[in-house]
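> Just the structure for this:
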Amino acid sequence: MKTSSPYPDSLEILLSELKRIPGLGPKGASRIALWLLSDPSRRSIPLSRALANAAEKITLCLECGFWAEATLCKICSDSTRNGSVLCVVEQPMDVLSIEKTGIFRGLYHVLGGRLSPLNQVGPEHLRISQLLKRVEQLKPQEVILALGADVESLATMSYLSSILKEKMIKVSKIAFGIPAGGGIEHADVLTLQNAFKGRSLL
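Numbers count the residues shown, from 1 in each chain. You can find the predicted model right below:
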């Protein structure tokens with residue numbers, strides 16, 4: 001016979017929401033919830049305000065698709081970035097991973113995912129048309145495809161490479177020091193640095 005939970009309903013709702021966070025299980029969710037509630041004025045209330053503020057203000061950069069609070073993100077607004085090199089990634093989190101390495105000082109373009117026929121994700125569902133428009137505007141000397149190493153990412157890379165080559169653009173891919181089947185966000189700083197240094201032409 002299933003026993004009823006001793007937690008109040010509001011705490012059950014909080015736990016349910018916390019468990020939706022990737023990588024956070026029931027025990028971790030319980031620890032975080034109890035930590036937040038042990039000192040609400042210094043923990044849960046500031047956190048809830050920060051979350052609400054971020055949810056209200058954060059949007060996607062009109063140019064690259066990275067997180068921003070204005071029309072352009074801080075990277076696209078930075079005049080010291082090298083506009084002759086464009087790095088294409090799958091998700092905004094990948095930009096953060098690459099930025100931590102300090103090895104890349106060009107501009108980014110976030111696709112918003114990868115091609116996945118089984119999940120009905122085609123080119124029209126990604127920011128590919130925006131990428132081609134930026135390539136026309138920026139006329140970069142090189143486009144680096146910094147995608148993952150799984151089947152869908154490789155298929156996306158192949159598709160983008162064929163389109164960009166038609167435009168006579170130099171296209172390269174980062175070296176695969178990234179684990180097979182893994183994404184950019186799972187790679188450590190040294191692996192990503194070596195991957196950029198060892199990139200090859202497509």
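> State which strand of this structure is the longest.
Counting by DSSP state E, the longest strand found in the chain is strand 82-89.
> Tell me the pLDDT of residue 3.
Listed pLDDT for residue 3 reads 57.
> Which elements pack onto the following helix or strand past the longest strand of the chain?
Tracing the chain C-terminally past strand 82-89 and defining elements by DSSP states H and E, one meets helix 92-101 next. Counting contacts by 3 or more C-beta pairs under 8 Å, 6 or more residues apart in numbering; DSSP states H and E, helix 92-101 packs against strand 82-89, strand 106-110, helix 189-197. Where you see a C-beta, it was placed from the backbone N, CA and C, and this is true even at glycine.
> hmm, who's touching stretch 108-122?
For stretch 108-122, contacts defined as C-beta atoms under 8 Å, 6 or more residues apart in numbering pick out 60, 64-66, 75, 86-92, 94-95, 98, 123, 125-128, 130-131, 134, 147-148, 152-153, 155-156, 159.
> same deal with stretch 124-138?
So stretch 124-138 is contacted by 63-65, 83-84, 86, 88, 107, 109-115, 143, 156, 160, 163-164, 167, 169 (C-beta under 8 Å, 6+ apart).
> got the buried residues for that stretch?
Within stretch 124-138, the residues scored as buried using 16 or more other C-beta atoms under 10 Å are 126, 127, 128, 130, 131, 134, 135, 138.
> Can you report how many residues neighbour the closest residue to residue 110 other than its chain neighbours?
Nearest residue to residue 110, sequence neighbours excluded (C-beta to C-beta, 6 or more residues apart in numbering): residue 65, at 3.4 Å. Residue 65 has 23 neighbours, counted by other C-beta atoms under 10 Å.
> before we move on, the earlier item: taking the helices and strands packed on helix 92-101 together, which one is wrapped up most tightly?
Of all the helices and strands packed on helix 92-101, strand 106-110 has the most neighbours on average by mean count of other C-beta atoms under 10 Å, namely a mean of 23.
> how is this protein carved up into domains?
Domains of the chain are assigned by automatic domain parsing as 9-57, 60-201.
> where do the helices sit along this structure?
9-18, 26-38, 44-57, 92-101, 128-138, 151-166, 189-197 (DSSP state H).
> so which of these gets nearest residue 175?
helix 189-197 (4.7 Å; C-beta to C-beta).
> circling back to that earlier point, would you mind giving the domains of the chain as TSV with mean pLDDT added?
Below are the domains of the chain laid out as TSV (pLDDT from 0 to 100):
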stretch	mean pLDDT
domain 9-57	92
domain 60-201	89
